[in-house]
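1. Provided below for reference: sequence and predicted model.
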Amino acid sequence: MERRKILLGSGAALATVLAGCSSDETGDDSESNNDGDDNDDESLGGNGNGDTNETETDTKPKVPGLDSDKLTLDSDKISIKDVNKDGDEVDVVATTTTTDPERLRTELESLGRALAAAITDREKFKAEIKSVTWVLESDGAKVMSFYVDVQWAIAFINDEMSEDEFIETVLDTTDET
């Protein structure tokens, strides 16, 4: 469990640093006076006509059996910022406007339904992913983290676990800071 905490913390920090770097790079590109367009370089994924063959989101490893665009919580306090795959684990980084643990628990009540809507191929997801780790941040600082074992998510989707049981099981893994 200690390994997970370290990985979560370093992953969140890395995501924050990378997000800041990409913002700076975007600003620099618009101000540059280069004669050539970076997108024209065929070795970088361009076709020589200023178009790229890949978008930035295409370079991220896709999560098998999960449509991350459908992964949305029914919450006005929590919004998902990033979904990344690392081996057989998925990391979800979300931002929150509250740091109250009880309010966060209430806001997470739709978690089971959100996962059920986002998992498009149960068998593929179950075969390739073992857990989904969530980190909730407020102003760049970690507020809470928890994980969802894929077996729990599949049990919930298959009506083998009630929504209350699912949420309680997941929230038992909570690490609040």
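-> Received, thanks.
2. Under the pLDDT cut-off, which ranges of the chain? List them.
-> The chain contains residues with pLDDT under 70 at 1-61, 176-177.
3. mind listing the helices in it by residue range?
-> 2-31, 101-107, 111-118, 122-128, 150-157, 163-171 (DSSP state H).
4. Flag every buried residue along the fourth one.
-> Using 16 or more other C-beta atoms under 10 Å as the burial criterion, the residues of helix 122-128 that qualify are 125, 126, 128. C-beta: built from backbone N, CA, C; applies to glycine.
5. How much space separates the residue nearest to the last one when sequence neighbours are not counted from residue 124?
-> The spatial neighbour of residue 128 that comes closest, neighbours along the chain excluded (C-beta to C-beta, 6 or more residues apart in numbering), is residue 64 at 4.4 Å. For residue 64, the distance to residue 124 equals 5 Å [C-beta to C-beta, to the nearest Å].
6. ditto for residue 158
-> Going from residue 158 to residue 124 by C-beta to C-beta gives 15 Å.
7. do the same with residue 104
-> According to C-beta to C-beta, residue 104 and residue 124 sit 30 Å apart.
8. just residue 97 next, same as before
-> Separation of residue 97 from residue 124 (C-beta to C-beta): 34 Å.
9. How about residue 153?
-> Residue 153 is 13 Å from residue 124, by C-beta to C-beta.
10. what's the neighbour count on the closest residue to residue 67 other than its chain neighbours?
-> In space, and not counting its chain neighbours, residue 67 is closest to residue 120: 5.0 Å by C-beta to C-beta, 6+ apart. Residues lying near residue 120 (other C-beta atoms under 10 Å) number 13.
11. Contact partners for residue 120?
-> Shown in contact with residue 120 (C-beta atoms under 8 Å, 6 or more residues apart in numbering): 65, 66, 67, 70.
12. I'd guessed the last one sits against residue 118; true?
-> Yes - shown here, residue 70 and residue 118 form a contact pair, counting by C-beta atoms under 8 Å, at 4.3 Å.
13. When those two are compared, which one has more neighbours?
-> residue 118 (21 against 13).
14. is it true that the more buried one touches residue 73?
-> No - with contact defined as C-beta under 8 Å, residue 118 does not count as touching residue 73 (10.5 Å).
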